[in-house]
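J.: attaching a predicted model along with its sequence, questions to come.
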Amino acid sequence: MTDHEISSGVLAVDLDGTLLRSDMLFECFWSGLGQDLRGTLKAVRQLSYGKAQLKQALSDVASVDISTLPYDADVIAYIEAWRAKGGRTALVTASTQPIAEEIAAHLGIFDEVHGTDRTTNLKGPEKARFLVERFGEGGFAYMGDAEADLPVWEKAAKAITVNAPRQLREAAASLGVEAEHVGAEKVPARTYLKALRPHQWMKNLLIFLPMLAAHNFTALSVLQSVLAFVAFSAVASSVYVLNDLLDLSVDRAHPRKKARPFAAGAIPIQHGTWLAAGLLGLGVVISLLLGRSFLFFMLVYFATTTAYSMTLKRRVVIDICTLAILYTLRIVAGGAATAIPLSVWLLAFSIFFFLSLAAVKRQAELVDNEKRGKLNVSGRGYQTEDLPVISMMAISSGYVAVLVLALYVNSASVTQLYSLPGTLWGVCLVLLYWISRIVMLTHRGHMHDDPVVFAVRDKNSRIAFLVILGFAVGGAVL
């Protein structure tokens, strides 16, 4: 279109997937689910009365922070350039009218705002009919991103695709109207992999602990442990995706977590909905191969992590205890997968040790908040003034875990597995040092959000692990 045509024409812009690298229907659903489970499920029932009713019901339940939504910078620049040439702009969306007006007011780049009401879902042919009635056929340019926009482009003077795949670009160009393409064609596969948080799978190595602690290295035990690790990793990733969807607003307010794929709009959140379900299904199928006991603990893990994501993480102290239980569940599941009985020593050590790491995780968040001058942890039940108590919980739980290990060294059962059980005192000393150092680094603000990930990346922690491994192996084989 020429500058003269732009100055006398209207640029109509879609919201979901175009101006916004997300979808407000799913934004409202996940926001509502995290804030008001009962109200959200009640709102979903409105789908039987039509999609327009569903959108209105969800928008009434949800509370989405418009200012932190992932807007597409290229689309905003395009709209601003259009206005600079004298053209008018209109936000025309299938999202509800109140949401559209709130977003338009926040951005300040639209002359008109038109959204879905309780009777009309402004999408596809219905949107095309509305725009023709409003501006006349060929009297507007239209920015969209989906196949549902083809009927609109057919009536427009210009079709502008946003982040569209090659097939959609070709379909828009074949309509006989001027076509322009903005943004990338597809999301890189590595972005989806990042959403699965593969670096967190290292926590699932706890699956192998029962086999290692019992010195049971048969081919069957190794195979069962590997399958259990894969199943747990799939289910854990499902939970991570679910947690990211429930925590969209909290993550967007965080200086580092705002870069997560769903929070940043790098992956459509509707894809996350199906991704979470698919990963859970994969984990369940593999779990069935390992027997009912393993499947039971896997489902307990999923139910507990889901409860944690939706409500328990906002409960003071309960959240820390839940994290410790989730770590220990991995060890219990490893025992169930291999049919290896677990000792009371191992379970007691696990509970106290991982209670310490969970407290360190909260300590790190509180230290970060204190540095940023915030009084409360967003999405949590803690206040900055709780920091001394959480620090004491972290170090005392860690020391109790070392005490449990020391008592185990002096137990009668240790001689059955170790020819030189005295070498395990070395493990106690290294753990005592490591826990003290981790708490100190966290106090100074040097801790990653997750202490396990931090330990893997930290040189001193890796050395400490190798020394511990040396003491354990030396005590067993010498």
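T.: On my side now, so go ahead. The shown structure was predicted, so the numbers you read here are calculated from the model rather than taken from an experiment.

J.: residues in contact with the lengthiest strand in the chain?
T.: Of all segments of type strand in the chain, defined using DSSP state E, the longest is strand 88-96. Here strand 88-96 makes contact (CB atoms under 8 Å, 6 or more residues apart in numbering) with 9-16, 19, 24-25, 55-56, 59, 79, 82-83, 100, 103-104, 109-117, 121-123, 127, 130-131, 140, 142. In this view, the C-beta of every residue, glycine as well, is placed from N, C-alpha and C.

J.: leaving out sequence neighbours, find the closest residue to the residue most central in space within the chain.
T.: Centroid-nearest residue in the chain, with CA atoms, centre = their mean: Asp244, separated by 2.3 Å. Nearest residue to Asp244, sequence neighbours excluded (CB to CB, 6 or more residues apart in numbering): Phe262, at 4.7 Å.

J.: hang on, the one you found is in a helix, isn't it?
T.: Yes - assigned with DSSP: H, G, I helix; E, B strand; the rest coil, Phe262 falls within a helix.

J.: tally up the residues packed near it, please.
T.: 25 (other CB atoms under 10 Å).

J.: that one against Leu246, yeah?
T.: No - taking contacts as CB atoms under 8 Å, Phe262 lies outside contact range of Leu246: 10.1 Å.

J.: so who does the closest residue to Ala184 other than its chain neighbours touch?
T.: Nearest non-adjacent residue to Ala184, counting by CB to CB, 6+ apart: Asn163, 5.7 Å away. Asn163 is in contact with 17, 21, 72, 145, 182-185, counting by CB under 8 Å, 6+ apart.

J.: one more time with 6 Å, if that's ok
T.: Asn163 makes contacts with 145, 183-184, as judged by CB atoms under 6 Å, 6 or more residues apart in numbering.

J.: buried residues in stretch 270-286?
T.: Across stretch 270-286, burial judged by 16 or more other CB atoms under 10 Å covers 270-273, 275-276, 279-280, 282-284, 286.

J.: same question, stretch 143-161
T.: Buried-residue list, stretch 143-161, by 16+ other CB under 10 Å: 143-146, 148-161.

J.: just these: which are in strands?
T.: Assigned to strands by DSSP E, the following of the buried residues of stretch 143-161 qualify: 143-144, 158-161.

J.: would you turn the buried residues of stretch 270-286 into TSV with pLDDT, distance to Phe454 and secondary structure?
T.: Output for these, formatted as TSV (pLDDT from 0 to 100; distance: CB to CB, whole Å; DSSP: H, G, I helix; E, B strand; the rest coil):
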residue	pLDDT	distance to Phe454	secondary structure
Gln270	86	33	helix
His271	88	30	helix
Gly272	89	26	helix
Thr273	87	31	helix
Leu275	92	27	helix
Ala276	91	26	helix
Leu279	94	25	helix
Leu280	94	28	helix
Leu282	95	29	helix
Gly283	94	26	helix
Val284	94	31	helix
Ile286	94	29	helix
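
J.: now do the phi/psi pair for the residue nearest to Ala184.
T.: phi 50, psi 40 (degrees, to the nearest 10).

J.: the chain should start at 14 in everything you say after this.
T.: Yep, numbering from 14; the last one is Asn176 now.

J.: strands along the stretch 114-263 of the chain, start to end?
T.: Along the stretch 114-263 of the chain, the stretches classed as strands by DSSP state E, counting those that start in this stretch are 125-129, 153-157, 171-175, 191-195.

J.: give me the contact list for the first one.
T.: Spelled out, it's strand 125-129. Contacts to strand 125-129, defined as CB under 6 Å, 6+ apart, come from residues 65, 68, 103-110, 113-114, 117, 135.

J.: would you show me how to pick out the buried ones of those residues in PyMOL?
T.: Those of the contacts of strand 125-129 that count as buried under 16+ other CB under 10 Å are selected in PyMOL with:
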select buried, resi 65+68+103+104+105+106+107+108+109+110+113+117+135
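
J.: switch the contacts of strand 125-129 over to TSV; also include pLDDT and distance to Leu444.
T.: Output for these, formatted as TSV (pLDDT from 0 to 100; distance: CB to CB, whole Å):
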residue	pLDDT	distance to Leu444
Ala65	74	59
Lys68	81	54
Ala103	95	64
Leu104	95	58
Val105	94	62
Thr106	93	56
Ala107	90	56
Ser108	90	53
Thr109	89	55
Gln110	90	59
Ala113	92	56
Glu114	93	58
Ala117	94	57
Leu135	86	61
